[in-house]
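J.: here's my sequence, what's the structure:
(one chain, ligands or ions: 1)
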Amino acid sequence: MAPQAGEKLIVLHIGDPVKWNTELYARFSQDFTVVRPSAEERQRGEFMKALKEGRWGNFAAIFRPFWNTGGEMGRWDEELIPLVPSSCRIFASAGAGFDWADVDILAQRGSTPRSPFSKPGKLIITSAAASTESVSDFAIFLILSAFRNLNWCTTSARLSPAAFTDCHTHSAAISHNPRGHTLGVIGLGNIGFEIARKAYAAFHMKIVYYDVLRKPSTKEAEIDAQYISSLDEMLGMSDCVVLATPASPDGKKLITKERLGKMKMGSRFVNIARGSLVDDEAVADAVEEGRLVGVGMDVHEHEPRVNERLKVLRQVTLTAHNAGGTLQTHIGFEELAMRNIDAVLKGKQPLTPVNMHLMISAVKEKL
Ligand SMILES: O=CC(=O)O
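T.: Residues are numbered from 1 along each chain as shown. All right, here's what the predicted structure looks like:
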């Protein structure tokens, strides 16, 4: 049922309360009726039951301000999405990744030719822009670690005087300045670009990139980047490859044994994107073979479990999916999610849509 004149639109707020943007949230809660399902109601079975019953009314938006909660119902897929009322126009979530949702199903679901925002196609928004700085900083750390053997250095300093002396004596001969080396970026989106910009500005690395679409020449010129239309070719040119692309919707791996075989002997690899894109066993093989002499992995194939072989390789720096984890990112995630909902429900353009192009093509198909 459409809201009556003067009636507020309902926003379904899943997960933790807003922690940082309390003033904005107070205004948001005045403009909309915010409904918060309990932790039990967010479990998949109960969540689906509640949606079928229409327990939360004809909500117009879904709001998930924090990435560690609000995902209890599992994947937003062909089983779950059809249960969302047609009144819902936007799903705004914290986080950069959107591998937990079938974005094309959200976009296509019954969208009408009138407008991509009109019901019942669903726009999905992430707050990725809020983590560009933190993730790109972290990638620089991992790149530096891969060139300078920082995993070996930091563990040796803690281990024993003998380990300290061994590392102090022998690491220099196999450590390199990144300056002048070639950084191959897979995915020159916002995060990939920022990694490349920092590597170019700080270390004068030569930037090559692969992406499904070439970036405008003005953008390339900012970092003197060279577009390589073949991924395999780019892998073969790079001294360090950094993966900065979204997960494949079908879970397909991008970095496989075959692909690693295209990389130079003695090169390096960094993953700050998604663990599902990489065959971690194949990475361990490539390190043992000497093809990769430095690896930085923030995300893992079977997260939160980390590959046992990678754990014992001193050339490999491992972190616990921390790249985006700063206070500034969290503040930005909350804020962007609220501002996107506010814009769309007030008839304005969303700020950071993910599936807008899919919605537009779904609309065109129906014309
Ligand atoms: O990985 C973190 C995110 O999706 O923001």
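J.: switch to C-alpha atoms for all contacts and neighbour counts from now on
T.: OK.
J.: any weak-confidence spans in the chain?
T.: Flagging of the chain using pLDDT under 70 yields the residue ranges 1-5, 109-121, 359, 362-367.
J.: how is it partitioned into domains?
T.: Using automatic domain parsing, the domain parsing of the chain gives 10-127+328-366, 131-318.
J.: the longest one vs the ligand: in contact?
T.: No - contact check for domain 131-318 against the ligand, using C-alpha under 6 Å from any ligand atom: none in range, with a minimum separation of 6.6 Å.
J.: end to end on that domain, go ahead and measure it.
T.: End-to-end distance for domain 131-318, by C-alpha to C-alpha, to the nearest Å: 20 Å.
J.: so how far is that domain off the chain centroid?
T.: Taking C-alpha atoms, centre = their mean, to the nearest Å, one finds domain 131-318 lying 16 Å from the centre of the chain it belongs to.
J.: turn the domains of the chain into JSON lines, columns for mean neighbour count.
T.: Shown next, in JSON lines, are these (neighbours: other C-alpha atoms under 10 Å):
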{"stretch": "domain 10-127+328-366", "mean neighbour count": "19"}
{"stretch": "domain 131-318", "mean neighbour count": "19"}
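J.: now do the strands in this protein.
T.: 10-13, 33-35, 61-64, 90-93, 123-126, 182-186, 206-210, 226-227, 240-243, 267-271, 292-297, 316-318 (DSSP state E).
J.: distance to residue 353 added to the ones you listed, as JSON lines?
T.: Listed next are these as JSON lines, based on distance: least, C-alpha to C-alpha, whole Å:
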{"stretch": "strand 10-13", "distance to residue 353": "18"}
{"stretch": "strand 33-35", "distance to residue 353": "22"}
{"stretch": "strand 61-64", "distance to residue 353": "14"}
{"stretch": "strand 90-93", "distance to residue 353": "9"}
{"stretch": "strand 123-126", "distance to residue 353": "5"}
{"stretch": "strand 182-186", "distance to residue 353": "21"}
{"stretch": "strand 206-210", "distance to residue 353": "23"}
{"stretch": "strand 226-227", "distance to residue 353": "25"}
{"stretch": "strand 240-243", "distance to residue 353": "22"}
{"stretch": "strand 267-271", "distance to residue 353": "24"}
{"stretch": "strand 292-297", "distance to residue 353": "28"}
{"stretch": "strand 316-318", "distance to residue 353": "31"}
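J.: and for the residue in the stretch 251-367 of the chain positioned nearest to the ligand, the neighbour number?
T.: Going by C-alpha to the nearest ligand atom, the ligand is nearest to residue 324 of the stretch 251-367 of the chain, at 5.8 Å. Neighbours of residue 324 under the rule other C-alpha atoms under 10 Å: 24.
J.: hmm, residue 127 and it touching each other?
T.: No - Residue 324 lies out of contact with residue 127 (C-alpha atoms under 8 Å); the separation is 11.3 Å.
J.: show me the contacts for residue 341.
T.: 61, 63, 90-92, 350 (C-alpha atoms under 8 Å, 6 or more residues apart in numbering).
J.: now the residue nearest the centre of the chain, nearest residue through space, not along the chain?
T.: Geometric centre of the chain, nearest residue: residue 97, 3.2 Å, by C-alpha atoms, centre = their mean. Residue nearest to residue 97 in three dimensions, not counting chain neighbours: residue 246, with 6.5 Å by C-alpha to C-alpha, 6 or more residues apart in numbering.
J.: surely the one you found is in contact with residue 276?
T.: No - in this structure, residue 246 is not within contact of residue 276 by C-alpha under 8 Å, at 9.8 Å.
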